[in-house]
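In: Quick one: sequence and predicted model below, then my questions.
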Amino acid sequence: MADPAPSHPAQAFDAPLDCAGGHYRQDVAACLERSVGPGGLAQASLNRLLGELDGALERLRGRFEAGELPFLGLARRNEDLQAIAGRAADYRARFKEVLVLGTGGSSLGGRALYEMAASEHLGGRPALHIITNVDPFVFERMIRRFDFRETGVIVISKSGGTTETMMQFLTVLPLMRAQIGDAKLGEHVTLITEPGPRPLRELGARFALPVLDHDPKVGGRYSVLSVVGMLPTLIAGLDAAAVRVGADDVLTQALAPHARPAALAPALGAAISVGLQRERGVGASVMLAYSDRLGSLARWYRQLWAESLGKNGQGTTPIYGTGPVDQHSQLQLWLDGPADKMFTVLGGPNEAIGEALDPDLIAHEDLDYMAGRTLGDLMDASRRATAQTLAARGRPVRHIDMLRIDEASMGALMMHFMLETVLAADLLGVDPFDQPAVERGKVLTRRYLKEMGGG
């Protein structure tokens with residue numbers, strides 16, 4: 001089969017590609033064979049995949065217009081934010097701390113948005129504790145220090161019966177009852193779950209707890225733009241509307257009738273990832289975040305990519321890394337180990353952050369290069385140096401540079417990754433919205449709990 005002629009000029013792949021709204025820049029040049037050698041993707045292969053994505057984009061647009069992808073439509077809604085704004089303001093006014101209970105998609109998106117914000121921007125009240133696990137040592141030690149008279153609780157379970165979330169809440173509930181009494185629980189607790197008969201709703205009815213609906217058609221890992229992610233965001237004092245505006249900027253570009261895959265950052269990312277897997281044996285995707293503020297975004301992406309694509313022998317393994325710390329722990333493997341990984345080097349502006357080092361304190365000539373530099377300078381230099389070193393070794397490297405680290409840019413990147421995932425799933429021929437393989441583990445967990453003695 002002859003290679004189709006490129007529908008767009010080659011510079012579309014060489015130059016940094018700005019997303020709509022100018023929130024971030026993606027550059028995939030160092031993922032291509034002509035830049036990094038045989039470890040990169042050939043231009044002809046990329047062209048074929050982009051040709052396949054023409055149809056995928058048409059299917060995406062058709063499903064969106066038919067209302068079949070409501071998680072995308074959240075980017076254009078506003079009335080639901082108005083509906084929860086009062087509850088968020090009440091939590092901000094009355095509580096010093098807010099405990100958000102959930103796991104997986106119920107907590108990772110909200111945590112990514114909260115940890116993105118600089119602490120001074122949040123004003124210090126209330127402090128959010130977004131729980132993502134059930135380690136008994138950590139969980140018990142944490143909850144027993146709360147004064148629940150000054151603490152709000154949000155419980156998020158799409159199904160209304162998630163074992164981990166229900167165990168979290170049922171562990172906290174007796175402490176709350178003891179401190180504030182049953183009559184006041186409804187002033188301190190908000191539940192988020194699907195409509196219909198649910199264990200969490202029944203518990204809420206027993207104690208007169210307010211319940212917000214989780215849209216049954218929005219999967220947990222795609223729910224960050226819903227009340228699941230937006231209520232904690234509003235409580236933290238962040239601009240939830242700006243998150244959606246950033247997301248809609250990327251969505252609008254993708255839904256434009258004549259937009260082509262080569263001009264869309266999410267489509268280009270999907271084609272690169274799938275192409276490197278198919279043709280270069282790249283089985284892992286490392287997201288290397290050069291900002292602690294972006295670490296939880298990378299962890300959110302890890303669930304989104306893994307749970308959506310890992311089916312029928314397909315998918316690549318997402319790996320979360322932190323720069324520059326993992327330069328000292330994993331870079332040796334990345335450079336000199338198996339050539340089976342692609343790298344996304346993710347960062348934002350750090351250069352102006354930190355105090356410049358006083359040259360008078362630098363007495364050794366081996367440290368002269370540090371004079372007048374900041375920790376932000378070090379972060380930026382480390383990011384550039386690592387990316388260039390990986391590419392020079394023939395490892396495919398994608399750059400994603402956030403022009404700002406703020407709500408709109410986070411929303412834009414989250415929409416980018418959701419669209420990239422859905423488009424990659426189309427190329428792989430898998431359903432990005434189910435997770436059938438994990439159900440057996442859930443069934444066994446419930447059975448083993450039931451079989452344990454002492455209950």
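Out: Great, that's in hand.
In: use CA for all of it now, contacts and neighbours both
Out: Fine.
In: residue ranges with poor pLDDT in the stretch 351-455 of the chain?
Out: Along the stretch 351-455 of the chain, segments meeting pLDDT under 70 span 351-352, 453-455.
In: what about the strands in the stretch 101-250 of the chain?
Out: Along the stretch 101-250 of the chain, counting by DSSP state E, counting those that start in this stretch, strands occupy 127-131, 151-156, 189-193, 211-213.
In: Map the structural domains onto the sequence of this protein.
Out: Domains of the chain are assigned by automatic domain parsing as 11-63+244-436, 72-242.
In: Same list (these) but as TSV, adding distance to Arg447.
Out: Listed next are the domains of the chain as TSV, based on distance: least, Cα to Cα, whole Å:
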stretch	distance to Arg447
domain 11-63+244-436	18
domain 72-242	11
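In: closest one to Lys450 among the ones you listed?
Out: domain 72-242 (11.9 Å; Cα to Cα).
In: and the end-to-end length of the closest one?
Out: In domain 72-242, first residue to last residue: 15 Å (Cα to Cα, to the nearest Å).
In: Likewise for stretch 211-218?
Out: 17 Å.
In: for stretch 271-291, same thing?
Out: 26 Å.
In: What residues of it count as buried?
Out: 271-277, 280, 282-291 (16 or more other Cα atoms under 10 Å).
In: Then stretch 84-96?
Out: Those would be Ile84, Ala85, Ala88, Tyr91, Arg92, Arg94, Phe95, Lys96, for stretch 84-96 by 16+ other Cα under 10 Å.
In: Tell me who's in contact with the fourth one.
Out: Counting by Cα atoms under 8 Å, 6 or more residues apart in numbering, Tyr91 makes contact with Val98, Pro126, Gly152, Ile235.
In: circling back: just the buried residues of stretch 271-291: which are in strands?
Out: Among the buried residues of stretch 271-291, the residues falling in strands (DSSP state E) are Ala284, Ser285, Val286, Met287, Leu288, Ala289, Tyr290.
In: Can you pull out the residues in contact with stretch 305-320?
Out: Taking Cα under 8 Å, 6+ apart as the rule, stretch 305-320 contacts 277, 282-289, 298-299, 302, 421-422, 424-425, 428, 430-435.
In: related to what we said a few turns ago, would you reformat the ones in strands among the buried residues of stretch 271-291 as a markdown table and include distance to Ala339 and pLDDT?
Out: Shown next, in a markdown table, are those (distance: Cα to Cα, whole Å; pLDDT from 0 to 100):
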| residue | distance to Ala339 | pLDDT |
| --- | --- | --- |
| Ala284 | 10 | 97 |
| Ser285 | 12 | 96 |
| Val286 | 12 | 96 |
| Met287 | 16 | 95 |
| Leu288 | 17 | 94 |
| Ala289 | 20 | 92 |
| Tyr290 | 22 | 90 |
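In: Just give me the closest of those to Met176.
Out: Ala289 (37.8 Å).
In: Compute the distance between the closest one and Arg87, please.
Out: Taking Cα to Cα, one finds Ala289 at 33 Å from Arg87.
In: swap in Glu52?
Out: In terms of Cα to Cα, Glu52 sits 46 Å off from Arg87.
In: rewinding a little: with pLDDT as new columns, can the buried residues of stretch 84-96 be given to me in CSV?
Out: Below are the buried residues of stretch 84-96 laid out as CSV (pLDDT from 0 to 100):
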residue, pLDDT
Ile84, 96
Ala85, 95
Ala88, 96
Tyr91, 96
Arg92, 94
Arg94, 96
Phe95, 96
Lys96, 94
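In: burial measure for the residue nearest to Glu355 when sequence neighbours are not counted, as a count.
Out: Excluding the flanking residues, the one nearest Glu355 by Cα to Cα, 6 or more residues apart in numbering is Thr374, at 5.5 Å. Thr374 has 19 neighbouring residues, counting by other Cα atoms under 10 Å.
In: backbone phi and psi for Thr374, please?
Out: phi -120, psi 170 (degrees, to the nearest 10).
In: Would you confirm that it contacts Gly354?
Out: Yes - taking contacts as Cα atoms under 8 Å, Thr374 lies within contact range of Gly354: 5.2 Å.
In: where does the stretch 101-250 of the chain dip in pLDDT?
Out: 118-124.
In: Now do the helices in it.
Out: Ranges of helices within the stretch 101-250 of the chain are 108-116, 119-122, 136-143, 163-180, 185-188, 199-206, 227-235, 240-255, based on DSSP state H, counting those that start in this stretch.
In: Enumerate the beta-bridge partners assigned to the closest residue to Arg299 other than its chain neighbours.
Out: Distance criterion Cα to Cα, 6+ apart; nearest residue to Arg299, sequence neighbours excluded, is Tyr320 at 6.5 Å. For Tyr320, the beta-bridge partners under DSSP bridges are Met287.
In: re earlier: pick the most buried one from the strands of the stretch 101-250 of the chain.
Out: strand 151-156 (a mean of 24; mean count of other Cα atoms under 10 Å).
In: Can you spell out which helices and strands pack onto that strand?
Out: Strand 151-156 sits against strand 97-101, helix 163-180, helix 185-188, strand 189-193, with contacts defined as 3 or more Cα pairs under 8 Å, 6 or more residues apart in numbering; DSSP states H and E.
In: what lines up beside it in the sheet?
Out: Sheet pairing for strand 151-156, assigned by DSSP bridges, gives strand 97-101 (parallel), strand 189-193 (parallel).
In: looking at these, which is closest to Ile156?
Out: That would be, of those and by Cα to Cα, strand 189-193, which comes in at 4.8 Å.
In: Give me the contacts around that closest one.
Out: 152-160, 200-201, 204, 209-214, 228.
In: can you do 7 Å?
Out: Strand 189-193 is contacted by residues 152-160, 209-214 when judged by Cα atoms under 7 Å, 6 or more residues apart in numbering.
In: angle of that strand against helix 199-206?
Out: For strand 189-193 against helix 199-206, the angle between stretch directions is 140 degrees (axes from the mean of the first three to the mean of the last three Cα atoms, to 10 degrees).
In: helix/strand/coil for His399?
Out: Assigned state for His399: strand (three-state reduction, DSSP: H, G, I helix; E, B strand; the rest coil).
In: How much space separates it from Met116?
Out: Relative to Met116, His399 is positioned 19 Å away (Cα to Cα).
In: same deal with Asp135?
Out: Relative to Met116, and taking Cα to Cα, Asp135 is found at 24 Å.
In: between the two, which one's more packed in?
Out: Set Asp135 next to Met116 and count neighbours by other Cα under 10 Å: Met116 wins out with 20 against 8.
In: secondary structure class for the residue lying closest to that one once chain neighbours are set aside?
Out: Residue nearest to Met116 in three dimensions, not counting chain neighbours: Arg293, with 4.4 Å by Cα to Cα, 6+ apart. Recorded secondary structure, Arg293: helix (three-state DSSP).
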